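> Give me coordinates for this.
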Amino acid sequence: MNVIVVQNAEEGGREGYKIFRNAKENGATVFGLATGSTPLTTYAELCDSDIDFSDCTSVNLDEYVGLGPDDDQSYAYFMQHNLFNQKPFAHSYIPNGLANDITKEVSRYDQVLADNPVDLQILGIGRNGHIGFNEPGTPFNSKTHEVQLTQSTIDANSRFFANKEDVPRSALSMGMASIMQAKSILLEAYGDAKADAIAQTIEGPVTENVPASILQRHPNVTIIVDEAAASKLKGQY
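Numbers count the residues shown, from 1 in each chain. Model prediction:
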């Protein structure tokens, strides 16, 4: 793992942008994307740059079940407003949260991933070590699946909704095996609330109880953290 410690999320965004640019300059054409507050500074840097994704494909990690692209809390809406409007891709794939048949949608998305092997995957991380919506206990061999969200994840996401009752209770997510198929992975984390998860991810045992710990087994991972998120690491980075 290559660990980069920065002062704040803004500096992290600049470092994240460099990784995207370097990947594209070295032939990357498929980018795995994430939502949430963590990648926003990286997306802002991409939007302010001259990088061109018009010949590229994006595939997103996840989407809430029950929310469509016109819902301002959907991840499709998030991507449109925080990246795609400014930097369109030739093709962009996001799980369909309104699919009538979840089983068919899972199969469809697995085929999307098979047809579009990811060159660079960006990730955030939850306080409990989840990546995508792969909560603790998710099998490492999982592919795309419907996830029943834990209470801690519902609570964390409730800040984006007017009422906690409006937070969806399940989501469609790439599985752990799906994520690990990416040729390179960038994980970003900011703030002391992520310190335990980062320490366990980088220096703890590889265990399904900390989903992100599987990244220790990937040959090309970069982790960008601010000093607060890095505060419980024992090694020198």
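> What are the contacting residues of the helix or strand of the chain with the lowest mean pLDDT?
Lowest mean confidence among the helices and strands of the chain (mean pLDDT, DSSP states H and E): helix 151-157, at a mean of 78. For helix 151-157, contacts defined as C-beta atoms under 8 Å, 6 or more residues apart in numbering pick out 126-128, 130, 133, 135, 149, 164, 167, 169. C-beta here means a position set from N, CA and C on the backbone, and glycine is covered the same way.
> now the residues you listed: which count as buried?
Among the contacts of helix 151-157, the ones that count as buried by 16 or more other C-beta atoms under 10 Å are 126-128, 130, 133, 135, 149, 167.
> Which of these scores worst on pLDDT?
On pLDDT alone, residue 149 ranks lowest of those, at 81.
> Is that one in contact with residue 172, as I believe?
No. Between residue 149 and residue 172 there is no contact, the gap being 11.4 Å when judged by C-beta atoms under 8 Å.
> so what's in contact with those two at the same time?
Residues touching both residue 149 and residue 172 (C-beta under 8 Å, 6+ apart) are residue 133.
> for residue 228, helix, strand, or coil?
coil (DSSP: H, G, I helix; E, B strand; the rest coil).
> State the distance from the closest residue to it other than its chain neighbours to residue 234.
Among residues not flanking residue 228 along the chain, residue 192 sits closest, at 4.2 Å (C-beta to C-beta, 6 or more residues apart in numbering). Residue 192 sits 16 Å away from residue 234, going by C-beta to C-beta, to the nearest Å.
> So for the two, which residue has more residues nearby?
residue 192 (13 against 7; other C-beta atoms under 10 Å).
> Next up, the contacts around that one.
Neighbour list for residue 192: 228-229, 231 [criterion: C-beta under 8 Å, 6+ apart].
> Return the member of these nearest to residue 62.
residue 229 (21.5 Å; C-beta to C-beta).
> any idea where the strands of the protein begin and end?
Taking DSSP state E as the criterion, the chain contains strands spanning 2-6, 30-33, 57-60, 62-64, 91-93, 120-123, 145-148, 170-173, 184-189, 221-226.
> and these as JSON lines, adding distance to residue 212?
Formatted as JSON lines, those follow (distance: least, C-beta to C-beta, whole Å):
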{"stretch": "strand 2-6", "distance to residue 212": "13"}
{"stretch": "strand 30-33", "distance to residue 212": "15"}
{"stretch": "strand 57-60", "distance to residue 212": "18"}
{"stretch": "strand 62-64", "distance to residue 212": "15"}
{"stretch": "strand 91-93", "distance to residue 212": "23"}
{"stretch": "strand 120-123", "distance to residue 212": "8"}
{"stretch": "strand 145-148", "distance to residue 212": "15"}
{"stretch": "strand 170-173", "distance to residue 212": "14"}
{"stretch": "strand 184-189", "distance to residue 212": "7"}
{"stretch": "strand 221-226", "distance to residue 212": "9"}
